[in-house]
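Student: Give me coordinates for this.
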Amino acid sequence: MGPLRGVTIIEIASLAPGPFCGMMLADLGADVVRVDRADSIIGVAPFELLNRGKRSIGVDLKNPAGVEVVLKLVETADALIEGFRPGVAERLGIGPAECRERNARIVYGRMTGWGQYGPLSGRAGHDINYLALSGALHPIGRAGEPPVPPLNLVGDFGGGGMLLALGLVAALFEARESGLGQVIDAAMIDGSALLTTMIRGMRASGLWSDERGSNLLDTGAPFYEVYETSDGGFMAVGAIEPHFYAEFLDLVGLDEDPAVQFDTQKWPGLKQRIAARFVARTRSDWEERFEGSDACVFPVLSMGEAPNHPHHRARGTFVEVDGVAQAGPGPRFDRTVGEISGPPPGAGQHTDEILESLGFSPSQRASLHELGVVR
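Tutor: As a prediction, this is how the structure comes out:
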């Protein structure tokens, strides 16, 4: 019942950002058909959460008959997602030109690290590499320490899959008027650079230094920091606004002048005094002390703890499917509802169902299986 109900997306199996994009669209109601390799292991893998809500068909894309199956899918689809290096889809016979011959309205989403052109477009890479060259990695970390990779959240997911999902929805919207699809070049290096826009604005205004760990949001400021508690827990402080900061000082028990909050010369000493306060009590003690306040101080929850927090329970932020806790669909809509239809499918779980919907007869389906074209 999601807002994308009636939209069909073909997702050529890939890693991380492409599947995340497909997952978001499936969560919001799109029929996402994942084209897995014909030799993939068939079976339900509940931990492959990026495949949730999709249907799967196993296809040998190196076989011309397998390519034809994909192009038959294209004929009635709204969009396609692929994550190959530039030129690979064309060599397989499922590039934009071949797909447009079958369906002029097809929106063709290309997910890569370096983009479809440029000196690095043919090179291998991963999230950490795209962040390194985009300037997104350098500011993340503490003073005097190397940059810290923020998992693969910024390149693969925020600057990759989520960017492509936005591009696909925008192109689908435009296709309703033009009657034509278009190719989307979503590059993780571009997306991670895009995510640094606010920080670059601060830097241009003289409000951000390239010296890591010395700025407002990079652990330089004592009022935007993580502090350890006596039991090995942590509390996250984000008391940026002056009135929040004043409340924070009161509750943490420090007699400091709120008026000198942004005096960077005083930050190192103040941070030490705040740290000494936090380490004297347990995390639960501090949670209780800051409960109901606007000091912007909250516990750092582990991935195991987070789903049980009262706020998440009230909003249904996390759902459990077949015993696996995971974040539910987002964003929220007031009239249509995104949902998770069940556990992630095994590779090829819906092959015959999909072939039948494309008009393949029982004998044709049996022949494709026998020849190893599909699985």
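Student: State the number of residues packed around G87.
Tutor: Neighbours of G87 under the rule other Cβ atoms under 10 Å: 12. (Each C-beta comes from the backbone N, C-alpha and C, glycine too.)
Student: Looking at the nearest residue to it once chain neighbours are set aside now. What's its pLDDT?
Tutor: Nearest residue to G87 in three dimensions, chain neighbours excluded: G122, at 7.9 Å (Cβ to Cβ, 6 or more residues apart in numbering). Here, the pLDDT recorded for G122 equals 97.
Student: what sits against G122?
Tutor: By Cβ atoms under 8 Å, 6 or more residues apart in numbering, the contact set of G122 is 85-87, 114.
Student: Buried subset of those, written for ChimeraX?
Tutor: Filtering the contacts of G122 down to the buried ones (16 or more other Cβ atoms under 10 Å) takes a single ChimeraX command:
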select :86,114
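Student: which parts of stretch 306-319 are buried?
Tutor: Buried-residue list, stretch 306-319, by 16+ other Cβ under 10 Å: 307, 312.
Student: Equivalent analysis for stretch 145-154, please.
Tutor: 147, 149-150, 152, 154.
Student: Pick out the most distant pair among those residues.
Tutor: P147 and N152 (14.3 Å; Cβ to Cβ).
Student: need the strands for the stretch 251-375 of the chain, in chain order.
Tutor: Here the stretch 251-375 of the chain has its strands, by DSSP state E, counting those that start in this stretch, at 297-299, 318-321, 324-327.
Student: On the pLDDT front, check K54 for me.
Tutor: In this prediction, K54 has a pLDDT value of 96.
Student: is it true that it touches E11?
Tutor: Yes: between K54 and E11 there is a contact at 6.9 Å, judged by Cβ atoms under 8 Å.
Student: Give me the common contacts of these two.
Tutor: 22, 32-34.
Student: Looking at these, which are in strands?
Tutor: Secondary structure from DSSP state E places 32-34 of the shared contacts of K54 and E11 in strands.
Student: Out of these, the closest to A65 would be?
Tutor: When those are ranked by distance to A65 (Cβ to Cβ), V33 comes first, at 17.7 Å.
Student: Poorly predicted segments of the stretch 51-200 of the chain, please.
Tutor: Filtered on pLDDT under 70, the stretch 51-200 of the chain yields no residues whatsoever.
Student: That one: strands as residue ranges?
Tutor: 55-59, 79-82, 107-112, 183-187.
Student: out of these, which comes closest to L195?
Tutor: Among the strands of the stretch 51-200 of the chain, strand 183-187 comes nearest to L195, with 12.8 Å by Cβ to Cβ.
Student: Give me the contact list for the closest one.
Tutor: Against strand 183-187 from outside (Cβ under 8 Å, 6+ apart): 96, 107-116, 130, 160, 163-164, 167-168, 171.
Student: Buried ones among those?
Tutor: With neighbours counted by 16+ other Cβ under 10 Å, these contain buried members at 96, 107-115, 130, 160, 163-164, 167-168, 171.
Student: Let me know the pLDDT of G43.
Tutor: The model's pLDDT for G43 equals 50.
Student: er, S40 actually
Tutor: Looking at S40, its pLDDT is 74.
Student: Kindly indicate whether it is helix, strand or coil.
Tutor: coil (DSSP: H, G, I helix; E, B strand; the rest coil).
Student: For it, list the residues it contacts.
Tutor: Counting by Cβ under 8 Å, 6+ apart, S40 touches 13, 58, 347-348, 375.
Student: Over to I189?
Tutor: I189 makes contacts with 113-115, 120, 130, 133-134, 155, 159, as judged by Cβ under 8 Å, 6+ apart.
Student: who are the neighbours in contact with the closest residue to it other than its chain neighbours?
Tutor: Excluding the flanking residues, the one nearest I189 by Cβ to Cβ, 6+ apart is Y130, at 4.3 Å. Applying Cβ under 8 Å, 6+ apart, we find Y130 in contact with 113-114, 136, 155, 159, 187-189, 192.
Student: got those as JSON lines, with distance to D210 columns?
Tutor: Below are the contacts of Y130 laid out as JSON lines (distance: Cβ to Cβ, whole Å):
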{"residue": "G113", "distance to D210": "24"}
{"residue": "W114", "distance to D210": "24"}
{"residue": "A136", "distance to D210": "13"}
{"residue": "G155", "distance to D210": "21"}
{"residue": "G159", "distance to D210": "21"}
{"residue": "A187", "distance to D210": "24"}
{"residue": "M188", "distance to D210": "23"}
{"residue": "I189", "distance to D210": "20"}
{"residue": "S192", "distance to D210": "17"}
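Student: Greatest separation within these: which pair is it?
Tutor: Maximum distance among these (Cβ to Cβ): 14.5 Å, for W114 and A136.
Student: Would you check how far apart D31 and E11 are?
Tutor: From D31 across to E11, the span is 11 Å (Cβ to Cβ, to the nearest Å).
Student: higher neighbour count, these two?
Tutor: Neighbour count, other Cβ under 10 Å: between D31 and E11, E11 has more, with 29 against 18.
Student: Am I right that the more buried one is in a helix?
Tutor: No: applying three-state DSSP, one finds E11 to be strand, outside a helix.
Student: so who does it touch?
Tutor: Applying Cβ under 8 Å, 6+ apart to E11 gives the contacts 18-19, 21-22, 32-35, 54, 80-81.
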